[in-house]
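1. Build me a model:
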Amino acid sequence: MSRNGIKMSLYGRAKTGKTRLLATFPKPVLIIGGEDGTASVSTLDGVDFIQVIMRGQDPPVGVDGKPKPHIYLDQVGNLIDEVRPSKYATVGLDGASFVADMYLAQILGVVKLPEQKSWGMAAREQYGQQGLQMKTMLRSLLDLPQHVVIVAHERNFNDDGGSSELITPHVGSALSPGVAGWLNGAVEYICQTFIREQTVAVKESMVEGEAPVEVFTKTGKMEYCLRTGPHPVYHTGFRLPPTAGFQLPDVIVNPTYEKIAALVRGEQYRPAAKPLPSPRK
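-> Below you'll find the predicted structure:
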């Protein structure tokens with residue numbers, strides 16, 4: 001498998017900056033979307049978006065009433081082959097969870113799965129077929145020489161709908177356990193996006209006449225974050241080179257490709273850090 005570019009599995013809740021981070025990767029960027037959720041990057045230069053839809057589904061249309069760029073699910077493999085010798089430096093699958101649902105819908109012979117999905121809607125063999133199709137498609141993507149980012153929502157794999165507090169949560173990409181486990185082993189970088197309230201350190205005198213001490217206070221501002229370091233709940237993994245002379249930060253605030261690339265090179269992030277060279281086409 002070619003490893004010329006960064007291969008990353010990126011997951012998180014809705015509107016936590018996943019697509020925005022993908023759009024900071026080297027341009028041109030091609031986003032293959034399982035849903036049209038790219039409003040945050042639609043006006044950026046160097047970012048192209050093409051939506052995957054099912055046969056029998058109405059094509060997506062813009063405000064001008066014209067169809068938006070799209071392909072059918074059975075054309076994804078051909079698109080990946082066409083992308084290999086192309087202008088794109090980065091290829092992202094944005095909405096891997098939705099594409100997985102499309103594969104299952106295709107197997108079941110329906111255009112769309114019901115909103116409330118359950119394990120009883122398909123036989124074990126059909127889920128196995130879905131997993132095989134997803135792995136085949138993801139393997140083709142990860143074999144590209146470009147940077148490749150697989151974006152998905154997050155899922156608590158121990159959430160059975162009950163209220164037991166004895167089961168430790170385990171959160172990762174919202175794919176089937178078999179596909180998620182395979183993907184985790186196929187990429188070098190597994191990261192989670194989230195939003196938290198900003199905290200800053202300030203000097204305050206706790207007792208009159210004594211030297212001020214450093215205390216942490218929340219500012220009320222929210223910041224986008226990327227979890228990279230090991231965590232007991234969230235599945236993360238980040239491969240640093242053995243020459244790195246620092247400890248991987250648990251979180252990157254306001255993450256960008258440039259910050260990630262600095263860590264990949266074994267450097268602590270500096271604003272002037274040079275990006276990794278674009279992988280060969």
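2. Tell me who's in contact with Arg84.
-> Residues in contact with Arg84 (C-beta atoms under 8 Å, 6 or more residues apart in numbering) are Leu144, Pro145. The way it works is simple: take the backbone N, C-alpha and C, and place the C-beta from them, glycine included.
3. per-residue pLDDT, it?
-> Note for Arg84: predicted pLDDT of 90.
4. now do the one 5 residues further on
-> We have a pLDDT of 96 for Ala89.
5. same check, this time on Gln198
-> 88.
6. separation between Trp182 and Met137?
-> 12 Å (C-beta to C-beta, to the nearest Å).
7. Lys68 now?
-> Taking C-beta to C-beta, one finds Lys68 at 21 Å from Met137.
8. What distance do you get for Ser131 to Arg139?
-> Not quite, residue 131 is Gly, not Ser. 12 Å.
9. out of the two, which sits in the more crowded spot?
-> Gly131 (20 against 14; other C-beta atoms under 10 Å).
10. which residue of the protein sits farthest from its center?
-> Gly209 (51.0 Å; C-alpha atoms, centre = their mean).
11. Now name the helix or strand holding that one.
-> For Gly209, there is no host helix or strand (DSSP states H and E).
12. In contact with it, which residues?
-> Gly209 neighbours (C-beta under 8 Å, 6+ apart): none.
13. and what of Lys112?
-> Met54, Gln57, Ala105.
14. quick one: the strands in the stretch 101-250 of the chain?
-> Counting by DSSP state E, counting those that start in this stretch, the stretch 101-250 of the chain has strands at residues 147-152, 154-156, 171-173, 189-204, 213-227, 237-238.
15. who does the last one pair up with?
-> In other words, strand 237-238. strand 189-204 (antiparallel) (DSSP bridges).
16. quick one: buried residues of the partner strand?
-> Within strand 189-204, the residues that qualify as buried by neighbour count (16 or more other C-beta atoms under 10 Å) are Tyr189, Ile190, Cys191, Gln192, Thr193, Phe194.
17. circling back to that earlier point, list only buried entries from the contacts of Lys112.
-> Met54, Ala105.
18. mind putting the contacts of Lys112 in JSON lines, pLDDT included?
-> Formatted as JSON lines, these follow (pLDDT from 0 to 100):
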{"residue": "Met54", "pLDDT": "93"}
{"residue": "Gln57", "pLDDT": "89"}
{"residue": "Ala105", "pLDDT": "93"}
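19. In helices, which of the contacts of Lys112 appear?
-> In this view, those that belong to helices under DSSP state H are Ala105.
20. Tell me the spacing between the closest residue to Lys221 other than its chain neighbours and Thr243.
-> Of all residues not flanking Lys221 in the chain, Gln198 sits nearest, at 4.5 Å (C-beta to C-beta, 6 or more residues apart in numbering). To Thr243, Gln198 is 32 Å away according to C-beta to C-beta.
21. So which of Trp182 and Met137 has more stuff around it?
-> Shown here are Trp182 and Met137; by other C-beta under 10 Å, Met137 has more neighbours (20 against 16).
22. what about the closest residue to that one other than its chain neighbours, neighbour count?
-> Spatial nearest neighbour of Met137, chain neighbours left out: Val76 (6.0 Å); criterion: C-beta to C-beta, 6+ apart. Applying other C-beta under 10 Å, we find 21 residues neighbouring Val76.
23. Please identify the pairing partners of the helix or strand where Leu10 lies and their relative orientation?
-> Using DSSP H and E, Leu10 sits in strand 7-12. Sheet pairing here is set by DSSP bridges, and for strand 7-12 it gives strand 147-152 (parallel), strand 189-204 (parallel).
24. Tell me which helix or strand comes right after that strand.
-> Where DSSP H and E defines the elements, the next helix or strand beyond strand 7-12 is helix 18-22.
25. contacting residues around that next one?
-> So helix 18-22 is in contact with 10-12, 29, 31, 37-38, 40-41, 90, 92, 94, 149, 151, 193, 224, 226, 255-257, going by C-beta under 8 Å, 6+ apart.
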